[in-house]
Each structure stands twice: as structure tokens, then as C-alpha cells.
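A.B. asks: starting from these lines, generate the structure:
(one chain, ligands or ions: 2)
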Amino acid sequence: MPGIVLPPFPEDVPTSTLLVIDYAKIKAGDPEEIDTLWTAATELGFWYLKNHGAEEEVDGMFDMGAETMALPSEEKMKFEQGNDGLSFGYKYAGSYMADHEGTPDTSEFINVARDDALGWPTVRHRTYPSTVNARMESTVRPFIRKAVDVTTVLFGVFDKKLGLPEGTFASLHAPDQETTSESRCIRSLQTSPGKAALAPHTDFGSLSFLHNRLGGLQVLPVGSQEWQYVKPLPGHAICNIGDAVTIFSGGILHSNLHRIVSPPKPQTSTERWSVAYFARPNSAAVLEPFSEQSSLIAESAAKAPEGKYNPGVTAGEWFARRIRAARLPNRKGLQSWDAGQGMEWQNQKLKAQ
Ligand SMILES: O=C(O)CCC(=O)C(=O)O
Ligand SMILES: [Fe+2]
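C.D. replies: Numbers count the residues shown, from 1 in each chain. Ligands and ions are numbered 1, 2, ... in the order given. Model prediction:
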């Protein structure tokens, strides 16, 4: 959104200090930068990423999101995700639960499957609104390609640090394998004070590459009782670890709880938009620690309570279960809320209320 001056992020709200990682240095193999990335990925599980080289594509994605959300509701609803565990397509605000009481969320999404964007014009999963199709080649595919490159480089660091054979994580995110990986544009509508626009959750997949212009994203660091804002920094992406990578690493890499609330004053009445890419494992990959390939992982997994990192499902099944459980029309009381929130939720449930 070039040219639009946004109100500043305030100085007087609790704010998380994320480490800043220089992607150019990571790519060049800088050992100090790699160590800082490792600290970020194993402690908070969130970090800023600068010099990622995707700014132009990200701007295009914000435009695509705005064009799509401006379509008449009945047009968007032709591409709605439904209640069967699919996340590609349009999600209307109010289709997810924002809390355990079943309050409707206030975030609207347009998600495009990696496989549909890379395979365009062949339809691999589903079709999309005209505004997405019009930008599939000029915007969506280039953004997804950049995001795939960035996440692949970061996965390479995780292979090395975890003592895994080179290419382990890359082959779990192979371009020729079916995946739930997707791009997302979000419009979050204002909520009443104290209510989330998107419920507390850990991300389902492997690694998220997020772009914010306004505040509203909050993290709940382990051991903290207080939600902390993540301040958007121009040109910096926000990256975070998802549950699948926590499982594969036997808990070494950390997926942290986060949520969206209304932007803090003086940003509150400005409409909030985000753009993201979610790298997720091949749908057929079984979610379990790579204990046989790495003694570090074996050691860490052995310390965890029985079954914690062995959900006994594939990445595709895990993902569909969580999406189904997040949908308000599928609500069956507290149980379905819990099932939708992910791994960290099980540990920090009480704190997050
Ligand atoms: O909009 C944001 O800042 C975060 C979105 C998010 O957490 C998600 O879509 O999983
Ligand atoms: Fe998230």
C-alpha cells in the first residue's frame, strides 16, 4: 500500500523483543547469524527477518487481498472453504471460534494453495475468485516462489543444527508432493475490547512468513502471563515455527501461541491487513520426531511425555482435523475448541484465558 501513511505503533504497550535475523547473512552462511536464528527458533519461536527480498511481491499480495475482499459477499462465498477441513479459498469473518465460548472471529481470509499457484492454470486443489486468477501469474506465484526459497534456506539451517542429513526438511516440503502449504491475505475487523480477531493458536505447519503493517499480532511467551504485541517493522517479515517442525524436532524447535486483536491506539480504527505464506509438510508425511536420523532429536523426544510428539497422523490429517475443529459451525462445545488450538495450547491453556 505505497503512499498511505499509517498511524504509528505506540511506545506504551507491552511489546515482545524479537531477534532480528538478516536473511542475506543466513544465505551466505554467516555462523553468528545462524546461531542467532537458532536461538530465536528454539526459544520464542518468532523472529524478524530482514533483507528477504520479497517486498515487491508482498505489496502485490496486499493489493490482491484488497481487490478480493472488495468483491460482493455472494461472489466471495462461491469460493468459501466449507466445514470439512479445507483451508484453501475464502474464509468469511465469523466462521472460526475466537475463544472457548464460541464467540465468532472477525478475520476474513483469502488463501491460495501453493500447488494451485505453482501449477496454474492447472487446478490441483480448487478454483479462486477472479481477482486471484487475474494476479496468479503476476503476484501470487512470484510471492509463493520467493516464500518457498526463503523457507527452504531456513530449513537448511535447521537440518544442520539438528544433525539431520542435508535436505531432510527440503524433501519434506517437496514441490512435486501434495501439500496444504498456502499463501494468505487477512483482513481483520475491529473487535470489542478484550476479544480476539483470530483466536490464540500455534501455527499448524512448519514455518510461517508473515507481513504486517499495523499492530494487532500478539505472542504469549512461555512463562509469561501477559500477551505482548509484535511491532511491525517496515521491510521486516515476521517468521515463526509451526507445530509440525516442533514434532519433527522432538520439541527442540518451538511453536509459540499467538493471536490477533484490534490494533493498539492510535492504530485501532485503521483497517488491519496481513499477508502470509505457511510452509507445511507434504500431506502424506507422518508427524513424528526424526529420532532415527538425529541423536539430538532422539534425546529431546525421549524427555517428552509419552505421545506428545506422536499424534499418529499424517500432516494432511492433522491439518484437516485442526481446521475442522476451528470452524464455528462444527462446534460441539469445549472439546472442539481445544482440538483446534494446537500443541502449545495444551500446555498453556489456562494462562491464555
Ligand atoms: O495477521 C497476523 O499478524 C497473524 C495471522 C496468523 O497468526 C495466522 O493466520 O495464522
Ligand atoms: Fe498464526
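A.B. asks: ok now stretch 193-201, how far from the chain's centre?
C.D. replies: 16 Å (Cα atoms, centre = their mean, to the nearest Å).
A.B. asks: bridged to the closest residue to ligand 1 within the stretch 51-200 of the chain, which residues?
C.D. replies: Taking Cβ to the nearest ligand atom, ligand 1 has its nearest neighbour within the stretch 51-200 of the chain at Ile186, 4.9 Å off. For the C-beta atoms, the positions are set from N, CA and C on the backbone; glycine is no exception. With DSSP bridges as the criterion, Ile186 is bridged to Phe109, Ser274.
A.B. asks: just checking, it touches Gly65?
C.D. replies: Yes: contact criterion Cβ atoms under 8 Å: Ile186 and Gly65 qualify, at 7.4 Å.
A.B. asks: common neighbours of the two, please.
C.D. replies: 273, 275 (Cβ atoms under 8 Å, 6 or more residues apart in numbering).
A.B. asks: and the pLDDT at Lys351?
C.D. replies: Note on Lys351: pLDDT of 38.
A.B. asks: hmm, I was thinking of Phe209
C.D. replies: Looking at Phe209, the pLDDT reads 98.
A.B. asks: in what helix or strand does it lie?
C.D. replies: Assigned by DSSP states H and E, Phe209 belongs to strand 207-212.
A.B. asks: quick one: strands adjacent to the very next helix or strand once past that strand?
C.D. replies: Sequence-wise, the next helix or strand downstream of strand 207-212 (DSSP H and E) is strand 217-219. Strand 217-219 pairs in its sheet with strand 228-229 (antiparallel), strand 258-260 (antiparallel), by DSSP bridges.
A.B. asks: export the ones you listed to JSON lines and append columns for mean neighbour count, distance to Asn133 and mean pLDDT.
C.D. replies: Listed next are the strands paired with strand 217-219 as JSON lines, based on neighbours: other Cβ atoms under 10 Å; distance: least, Cβ to Cβ, whole Å; pLDDT from 0 to 100:
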{"stretch": "strand 228-229", "mean neighbour count": "19", "distance to Asn133": "36", "mean pLDDT": "97"}
{"stretch": "strand 258-260", "mean neighbour count": "24", "distance to Asn133": "27", "mean pLDDT": "95"}
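A.B. asks: make a markdown table from those strands and add distance to ligand 1 to it.
C.D. replies: As requested, the strands paired with strand 217-219 are exported to a markdown table (distance: least, Cβ to the nearest ligand atom, whole Å):
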| stretch | distance to ligand 1 |
| --- | --- |
| strand 228-229 | 10 |
| strand 258-260 | 5 |
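A.B. asks: could you pull out the strands in this structure for me?
C.D. replies: 19-22, 46-50, 89-91, 107-113, 182-188, 198-201, 207-212, 217-219, 228-229, 237-241, 258-260, 272-279 (DSSP state E).
A.B. asks: mean pLDDT for those strands: which is lowest?
C.D. replies: When the strands of the chain are ranked by mean pLDDT, strand 198-201 comes last with a mean of 90.
A.B. asks: could you check the angle the helix ranked longest in the chain makes with strand 272-279?
C.D. replies: Ranked by residue count and defined by DSSP state H, the top helix of the chain is helix 141-162. Calculated by axes from the mean of the first three to the mean of the last three Cα atoms, to 10 degrees, helix 141-162 forms an angle of 60 degrees with strand 272-279.
A.B. asks: for helix 141-162, buried residues please.
C.D. replies: Buried residues in helix 141-162, defined by neighbour count with 16 or more other Cβ atoms under 10 Å: 141-148, 150-152, 154-159, 161-162.
A.B. asks: which bits of the stretch 51-200 of the chain sit near ligand 1?
C.D. replies: Within the stretch 51-200 of the chain, the positions adjacent to ligand 1 are 184, 186, 198 by Cβ under 6 Å from any ligand atom.
A.B. asks: which non-adjacent residue is nearest the residue of the stretch 101-250 of the chain found nearest ligand 1?
C.D. replies: Closest residue of the stretch 101-250 of the chain to ligand 1, Cβ to the nearest ligand atom: Leu217 (3.5 Å). Excluding the flanking residues, the one nearest Leu217 by Cβ to Cβ, 6 or more residues apart in numbering is Val230, at 4.6 Å.
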